[in-house]
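*Asks:* Just a sequence and a predicted model for now, questions to come.
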Amino acid sequence: MDCFAVSITSGLTIKHLRINHALQIAVFFGSFQAFMPVIGWLAGLGLRDFITGVDHWVAFGLLGLIGLKMIYESSKLGSDKKEINPLNIHVLFMLSIATSIDALAIGISFAFLNVSLITSIIIIGTITFLLSFIGVYVGNRSGHFFEKKIELAGGLILIGIGTKILIEHLT
């Protein structure tokens, strides 16, 4: 669901959406959500305490920084404004990592449970891909209603998701 929300935010900022834009975002999010449990599974018990101790801070920091940059950019005047491009590989990479840190911790638990890793990552990756693909279109179609404050709303949403992740792990 975090990827869905970030996909909506990404769709809000893409002015001329094409199918390959939605596919790019969906492939990144789906791949990271599927790949991170594999990394976690490989890491196993040795890193469990360390990863679960900091994963929420990493996600909070990455989403918070991107969100703050979007809010800052929303306050600039048109000529000196530099919009965050969710299709930029660096931005997409950071968003993918931030939204999939929890999947890494889940992968660690897979190492100790009697679950099929292949089946789990196929389900996780497929559902994330589909929700992200749909989310980009939902954000793009609804974004025209809020044209002036899209980046502000997107920044607040990203900070909210990061804060939610942090609160869930701290409580």
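*Replies:* Sure, I can see it.
*Asks:* what about the nearest residue to Asn85 once chain neighbours are set aside, neighbour count?
*Replies:* Excluding the flanking residues, the one nearest Asn85 by Cβ to Cβ, 6 or more residues apart in numbering is Val91, at 6.3 Å. Using the backbone N, CA and C atoms, a C-beta is placed for each residue, glycine as well. Neighbourhood size, Val91 [other Cβ atoms under 10 Å]: 15.
*Asks:* For the one helix or strand Val91 maps to, buried residues please.
*Replies:* Using DSSP states H and E, Val91 maps to helix 89-110. The neighbour-count check on helix 89-110 (16 or more other Cβ atoms under 10 Å) flags 92, 95-108, 110 as buried.
*Asks:* pretty sure Ile159 is touching Leu65, no?
*Replies:* No - counting by Cβ atoms under 8 Å, Ile159 sits too far from Leu65 to count as a contact (9.4 Å).
*Asks:* Run through who's touching stretch 4-18.
*Replies:* The contact list for stretch 4-18, computed with Cβ atoms under 8 Å, 6 or more residues apart in numbering, reads 21-22, 25-26, 29, 63, 83-87, 95, 99, 131-143, 146, 150-151, 153-154, 157-158, 161.
*Asks:* ok, the residue nearest to Asn85 - contacts?
*Replies:* Applying Cβ under 8 Å, 6+ apart, the residues contacting Val91 are Ile66, Ile84, Asn85.
*Asks:* could you flag which of those are buried?
*Replies:* For those, a burial check counting by 16+ other Cβ under 10 Å picks out Ile66, Ile84.
*Asks:* Noted, bye for now.
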